[in-house]
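could you look at this predicted model? Sequence included:
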Amino acid sequence: MTKTTQTAELNIQIATQAVADLKNLRKQFKSADNQLMSAHKAVYTVLSCAFDVLVSLKTAEESKRVSDVFEQQLADMKRDAKAKHAIASTSIELKVIRFVCGDLKQKRENSYTRVLRIAFAENIHNKDMNFVEWMLAAGGVEQVRRSGNGEVPKDFAEIARNALKSVTPLASVAAAHIKHAGDNETGDEEFCIAVVRKNSDGTFGMVATVDNAALTKQALVRAGKGLAAEHDAVKAADQAREHEQAASDATRKLVATVKTPQMEAA
């Protein structure tokens, strides 16, 4: 056997072994990923129960007295039974997290605390979805923590789809001019992309189409962000007008209140 053939066989063995190893790792990863997701859900369930306790403390009819008793019972406990020491300024959310989760690292402790605070501010306990569903829909602990408000992120592509389904077309295009997705592509079921040329005389003309689901979604996301921004701007303008009108009405009422005694005195 020549050296060239030996080298070729060795190369094949290395490549074959690499493929076999990667197949095994793929199975291991799938199992580990499922365990990780199960672990996340288990943590969300514990946080959900902690949130229920928090809600019961904060919404009690005599919440101040309940809080005083709760604080006193915490103060009477040994430190190892309630994790880190709490001071007067420690929030009730943080006290609950420290009690339940023990001695966590500060970043994780702060994240869980913020999740409970946002959940209460978002009134999750009075919504149709439960805490765990909210956490999953919002993208998990880090997504909720970064969002600042706990809302499920906007689906800009869906916003564009809903808005553009019924909008009047800028121009009609014959089916013969639409190039459908190729054999190795997946087209979007509702939309495709038009390539519009910018002419030197300032006019525009559609010169081609692209029927690719991924590219179409990117275009819809951009369009959806624009539509959402326009909606937010209109909403902000309406609120500004309402505030201005309310201020104007309040001023007129105040002037009328001041003038009446003066007129009576005259």
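Noted; the coordinates are in hand.

where does pLDDT dip in the stretch 101-250 of the chain?
Judged by pLDDT under 70, the stretch 101-250 of the chain has its weakly predicted residues at 148-153.

strands of that one, residue ranges please.
For the stretch 101-250 of the chain, the strands defined by DSSP state E, counting those that start in this stretch occupy 193-198, 204-210.

in CSV, list those along with distance to K41 and mean neighbour count.
No exception for glycine: its C-beta is placed from N, CA and C like everyone else's. As requested, the strands of the stretch 101-250 of the chain are arranged in CSV below (distance: least, C-beta to C-beta, whole Å; neighbours: other C-beta atoms under 10 Å):
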stretch, distance to K41, mean neighbour count
strand 193-198, 38, 13
strand 204-210, 40, 13
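
export those strands to a markdown table and tack on distance to S67?
A markdown table is the format used below for those (distance: least, C-beta to C-beta, whole Å):
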| stretch | distance to S67 |
| --- | --- |
| strand 193-198 | 58 |
| strand 204-210 | 61 |
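
looking at these, which is nearest to T186?
Using C-beta to C-beta as the measure, strand 204-210 is the one of those that comes nearest T186, at 12.4 Å.

distance of F51 relative to Q13?
Look at F51 and Q13: by C-beta to C-beta, to the nearest Å, they are 56 Å apart.

of those two, who's got more company?
Each of F51 and Q13 had its neighbours counted (other C-beta atoms under 10 Å), and the higher figure belongs to F51 (24 against 10).

how far is the helix ranked longest in the chain from where the chain is centred?
With DSSP state H applied, the helix covering the greatest number of residues in the chain is identified as helix 3-58. Relative to its parent chain, helix 3-58 has a centroid offset of 24 Å by C-alpha atoms, centre = their mean, to the nearest Å.

closest one to L104 among the strands of the stretch 101-250 of the chain?
Each of the strands of the stretch 101-250 of the chain was checked against L104 via C-beta to C-beta, and the shortest separation belongs to strand 193-198, namely 47.8 Å.

what values do phi and psi take at the nearest residue to A60 once chain neighbours are set aside?
Using C-beta to C-beta, 6 or more residues apart in numbering and skipping the chain neighbours, the partner closest in space to A60 is V66 (4.3 Å). Reported as degrees, to the nearest 10, the phi and psi values for V66 are phi -60, psi -40.

what about V66, distance to L47?
According to C-beta to C-beta, V66 stands 21 Å off from L47.

looking at those two, which is more packed in?
Taking V66 and L47 together and counting by other C-beta under 10 Å, L47 has the greater number of neighbours (23 against 15).

I figured that one hits L136, correct?
No. The pair L47 and L136 does not pass the contact test of C-beta atoms under 8 Å, sitting 12.0 Å apart.

part of a strand, is A60?
No. A60 sits outside any strand when classified using DSSP: H, G, I helix; E, B strand; the rest coil, being coil.

right, I'll call it a day here.
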